[in-house]
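K.L.:
pasted the sequence and its predicted model underneath.
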Amino acid sequence: MIDFSQALQDKIDLITQNWIEAVRAEEQIQTAKQLTYDSVRDSLPVVLQAMVTMLSQSEDSDTGTVIEESLHHGTVRAQQGYDAQEIAREYRLLRRVIFEALEPELLKGSGAEVSRAYRLIDSAIDEAIADCFQTYTQARFQELQELHNHLQLTNQELTRLVRASQENLSHLAHELKTPLTSIIGYSELFLRQKNSSQLRDSVPNLAHIDKVLSNGRRLLRLINDTLEISRYDAGRIKLQLSATNLRSAIGTVVEIIEPLAKEKNLEIVVECTPVLDQVMTDYLRLQQIITNLVSNAIRYTQAGTITIKTELLSDEQWSLCISDTGIGIASEDCDRIFQPYFRANSSLGSSIPDTTGLGLAIVVRLVNLLQGKIELVSEVGVGSSFTVIFPLELDGV
């Protein structure tokens, strides 16, 4: 008689390791590639231990542990940013890895023993999938509700603050139309399906939720960027000056934004002169400038390096330069690139939708607020260099 429970007990570490390797190698589970080993593993060893008990001939079933850990796993995966298809693929890989690990024992077992092992393992995995999707769906709907509330509050502020020309309003309406249409369409689909429990937790329906959230986030980002410009134009942005460590400020931005660069195999190089360890500036606004410029560089660079460099120019000025090896900007567009909603014509740029067209417009306003000036040098196919020159001391502040 083959003791499948003992066989599984002995191979928990092997199964966990093989499963994590399979998940990270799966091209259609991109989210896992950004997580640590422990984050991907989550509660898998506990679930496998529960399966050991379920396979035991002498002990009661431990489905309670499978349920509890799977419910937790669904919440964790939602927080980590997984989509529904990625979770489904994870469990398909788990089923395959378990049976591959137990294959020597399965080949030796009797028909009844093998049938029982398959039935119990399949049952445990099916239960885990169902419970995982249950809490994953709940977390996604909660995020959707929070996003909806945030959009409502932001929209109220937008109504009070936006003072734009007719041209800008036309641009804004055009940019809002696509995500709004998607949100409305998928929301109507949810309403039609709300009374069907079978449809509510299906993988395609969860994928629809992901699309609503994605478009909602895009819409929220566009609205927030528009509000930022409106606050500046209305004179409502107040500086909070403090002695700022430039190396630390840049390091914080790089730490946050570096995963975006790694996704494209781009290197971020930082060159900070030690004499600029402390400058008087608005820490948050400076970080906003750096973040927008570096994000823009990553977005329009397909290969190579993003360089962030600070330099003391004189007793009165210092500079921040962010350069890339990206697609570059045509000379006729360099003067217009800082205008709201303007996007330079480019065969590569047209295929990069994740932009509101407001990032550089916000940068130039914040630079002016900090009494600086921005210069652009760019060549199509070679790259771009944005240099911001700031005073060491701000006048009248």
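P.N.:
Received the coordinates, thanks.
K.L.:
going by C-alpha atoms from here, please, whenever you check contacts or count neighbours.
P.N.:
OK.
K.L.:
any idea which helix or strand of this protein has the worst average confidence?
P.N.:
Lowest by mean pLDDT, DSSP states H and E among the helices and strands of the chain is helix 197-200, with a mean of 52.
K.L.:
next one: phi and psi at K238?
P.N.:
Phi and psi for K238, reported as degrees, to the nearest 10, are phi -110, psi 130.
K.L.:
what's around it, how many residues?
P.N.:
10 (other Cα atoms under 10 Å).
K.L.:
and the gap between it and T273?
P.N.:
As defined by Cα to Cα, to the nearest Å, K238 lies at a distance of 28 Å from T273.
K.L.:
kindly report the same for L313.
P.N.:
11 Å.
K.L.:
repeat for L392
P.N.:
Using Cα to Cα, L392 is found at 14 Å from T273.
K.L.:
equivalent analysis for E375, please.
P.N.:
20 Å.
K.L.:
show me where the stretch 201-350 of the chain has its helices.
P.N.:
203-233, 246-263, 283-299 (DSSP state H, counting those that start in this stretch).
K.L.:
mean pLDDT lowest for which of these?
P.N.:
Across those, helix 203-233 has the smallest mean pLDDT, namely a mean of 67.
K.L.:
residues contacting S39?
P.N.:
Contacts for S39 (Cα atoms under 8 Å, 6 or more residues apart in numbering) come out as none.
K.L.:
what pLDDT does it get?
P.N.:
For S39, pLDDT reads 91.
K.L.:
now do the phi/psi pair for P391.
P.N.:
According to degrees, to the nearest 10, P391 has phi -80, psi 150.
K.L.:
and it, how many neighbours does it have?
P.N.:
Count around P391 with other Cα under 10 Å applied: 20.
K.L.:
ok, it touching N368?
P.N.:
No. Under the contact definition of Cα atoms under 8 Å, P391 does not touch N368, with a separation of 11.2 Å.
K.L.:
where are the low-confidence patches of the stretch 251-397 of the chain?
P.N.:
341, 343-357, 396-397 (pLDDT under 70).
K.L.:
which stretches in it count as strands?
P.N.:
Ranges of strands in the stretch 251-397 of the chain, per DSSP state E, counting those that start in this stretch, are 267-271, 279-282, 305-312, 317-324, 373-379, 383-391.
K.L.:
got those strands as a markdown table, with distance to T291 columns?
P.N.:
Putting the strands of the stretch 251-397 of the chain into a markdown table (distance: least, Cα to Cα, whole Å) gives the following:
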| stretch | distance to T291 |
| --- | --- |
| strand 267-271 | 13 |
| strand 279-282 | 14 |
| strand 305-312 | 11 |
| strand 317-324 | 10 |
| strand 373-379 | 15 |
| strand 383-391 | 13 |
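K.L.:
looking at those, which is nearest to S56?
P.N.:
For S56, the closest of the strands of the stretch 251-397 of the chain is strand 267-271, at 51.6 Å, according to Cα to Cα.
K.L.:
direction included, what does the closest one pair up with?
P.N.:
strand 305-312 (parallel) (DSSP bridges).
K.L.:
show me what the strand it pairs with is in contact with.
P.N.:
266-273, 275-276, 294, 297-298, 318-325.
K.L.:
centroid-nearest residue for the chain?
P.N.:
The centroid of the chain falls nearest to G81 when counting by Cα atoms, centre = their mean (7.0 Å).
K.L.:
correct me, but that residue touches T31?
P.N.:
Yes. Using Cα under 8 Å, G81 makes contact with T31 at a distance of 6.9 Å.
K.L.:
excluding its backbone neighbours, what's nearest the residue in the chain sticking out farthest from the centre?
P.N.:
Using Cα atoms, centre = their mean, the residue of the chain lying farthest from its centre is M1. It sits 50.0 Å away. Nearest non-adjacent residue to M1, counting by Cα to Cα, 6 or more residues apart in numbering: G109, 6.9 Å away.
K.L.:
show me what contacts S5?
P.N.:
Counting by Cα under 8 Å, 6+ apart, S5 has contacts M51, V52, T53, M54, L55, S56.
K.L.:
against S56, how distant is it?
P.N.:
Counting by Cα to Cα, the gap from S5 to S56 is 5 Å.
K.L.:
overlap of the contact sets of those two?
P.N.:
Common neighbours of S5 and S56 (Cα under 8 Å, 6+ apart) do not exist.
K.L.:
circling back: residue contacts, the residue nearest to the centre of the chain?
P.N.:
T31.
K.L.:
and it, what are its phi and psi?
P.N.:
phi 90, psi 10.
K.L.:
same question for the one 5 residues further on.
P.N.:
Dihedral angles phi and psi of E86 (degrees, to the nearest 10) take the values phi -70, psi -40.
K.L.:
S295 and L55, how far apart?
P.N.:
With Cα to Cα as the criterion, S295 and L55 are 51 Å apart.
K.L.:
tell me which of these two has more neighbours.
P.N.:
Neighbours were tallied for S295 and for L55 using other Cα under 10 Å; the higher tally belongs to L55 (24 against 20).
K.L.:
and the closest residue in space to that one that isn't next to it in sequence, what element?
P.N.:
The shortest distance from L55 to any non-neighbouring residue, by Cα to Cα, 6+ apart, is to S5 (4.9 Å). Assessed by DSSP states H and E, S5 sits inside helix 4-10.
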